[in-house]
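# here is a sequence together with a model predicted from it:
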Amino acid sequence: MKKIYFASDQHFGAPTQELSLPREKKFVAWLDEVKEDAEAIFLLGDLFDFWFEYKTVVPKGFVRVLGKLAEIRDSGIPIYFFVGNHDLWMNDYFEKELNIPVYHDNKEFTFNGKTFLIGHGDGKGPGDKGYKRMKKVFTNPFSKWLFRWLHPDLGVGLAQYLSVKNKLISGDEDIKFLGEDKEWLILYAKRKLETKHYNYFIFGHRHLPMIRSVGENSEYVNLGDWIGYLTYGVFDGEKFELLEYKK
């Protein structure tokens, strides 16, 4: 089989559009490379540092990456997008404009006999109660309705500022390995294994590239990010690897 690629947490637009642009160009170059042997591409959220879809408006910028995703999808390669905590207000723009399905929670996949549970990872497992409460507010239809009444120049500007400054919103206040007994996504994976077996749990959100055994023939993978690590995952049908994009 061809390869299946995974990437997460690009946070394009942060801390500014200008400083984000070199990372966006690297990511587009990576997409150009992997499309040559990709069976599918999974993007696990926080592609943008902020995203909100008004009825007729989306945030300015990101033309290169959106155009490349459209090109790859038009070539017949499936792309799957999972919303993260920074782009959780995504609706149907990707589906209508790019023909890319958008998922708001974990989803199971099977590739070459291997089972995967895939998602962004925010709000899963024990703890992180402050963020979980805030997520309930953000995803409430009434909250989205209120925000939609703000002029985009005001609403998007305010949200981008808070996205960078507020660590509770970003969910990245602990970007260091906490130990397996405190890493809530590892604990979440082990709890899921009590009721069903998965070969791989693939998540983003933590910004820490790692592969950890969580059970017999079962691994938890965090994809890292495209800010400090430029890491991505690849499954060749037999094994899963984390690699760094160095170009």
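Received it, and whenever you're ready, just let me know what you need.

# name the element the residue sitting nearest the centre point of the chain belongs to?
Nearest to the geometric centre of the chain sits residue 45, at 1.9 Å (C-alpha atoms, centre = their mean). Counting by DSSP states H and E, there is no helix or strand that carries residue 45.

# contacting residues for the residue lying closest to it once chain neighbours are set aside?
What sits nearest to residue 45 in space, not counting adjacent residues and going by C-beta to C-beta, 6 or more residues apart in numbering, is residue 84, at 2.6 Å. The C-beta positions use only the backbone N, C-alpha and C, and glycine is treated the same way. Residues in contact with residue 84 (C-beta atoms under 8 Å, 6 or more residues apart in numbering) are 8-9, 44-47, 120, 122, 204-205.

# I'd like the residues you listed laid out as CSV, including distance to residue 148 and pLDDT.
Putting these into CSV (distance: C-beta to C-beta, whole Å; pLDDT from 0 to 100) gives the following:
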residue, distance to residue 148, pLDDT
8, 27, 97
9, 26, 95
44, 26, 98
45, 22, 93
46, 22, 93
47, 21, 95
120, 23, 95
122, 22, 87
204, 27, 95
205, 26, 91
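
# which stretches in this structure count as strands?
Under the criterion DSSP state E, strands of the chain are mapped to 3-7, 38-43, 79-82, 102-103, 107-111, 114-118, 200-203, 210-215, 218-222, 231-235, 240-244.

# I figured residue 183 hits residue 177, correct?
Yes - using C-beta atoms under 8 Å, residue 183 makes contact with residue 177 at a distance of 7.0 Å.

# who has more neighbours, those two?
residue 183 (20 against 14; other C-beta atoms under 10 Å).

# relative to residue 212, how far out is that one?
Per C-beta to C-beta, to the nearest Å, residue 183 is found 8 Å from residue 212.

# one more: residue 203?
Counting by C-beta to C-beta - residue 203 and residue 212 are separated by 11 Å.

# likewise for residue 106?
For residue 106, the distance to residue 212 (C-beta to C-beta) stands at 18 Å.

# likewise for residue 151?
Using C-beta to C-beta, one gets 45 Å for the distance from residue 151 to residue 212.

# in terms of neighbours, single out the busier of those two.
A count of neighbours by other C-beta under 10 Å puts residue 212 above the other of residue 151 and residue 212, at 16 against 10.

# how far away is the more buried one from residue 13?
As judged by C-beta to C-beta, residue 212 and residue 13 stand 31 Å apart.

# likewise for residue 75?
Distance from residue 75 to residue 13, by C-beta to C-beta: 26 Å.

# and if you look at residue 87?
Counting by C-beta to C-beta, the gap between residue 87 and residue 13 amounts to 10 Å.

# next up, the contacts around the residue nearest to the centre of the chain.
By C-beta under 8 Å, 6+ apart, the residues touching residue 45 are 8-9, 81-87, 119-120, 122, 204-205.

# next one: residue 224
Shown in contact with residue 224 (C-beta under 8 Å, 6+ apart): 8-9, 204, 207-210, 230-232, 242.

# circling back to that earlier point, which one of the contacts of residue 45 is nearest residue 17?
residue 86 (15.0 Å; C-beta to C-beta).

# state the distance from that closest one to residue 120.
Applying C-beta to C-beta, the value for residue 86 to residue 120 is 9 Å.

# circling back: tell me the most buried of the strands of the chain?
When you average the neighbours per residue for each of the strands of the chain (mean count of other C-beta atoms under 10 Å), strand 200-203 leads with a mean of 26.
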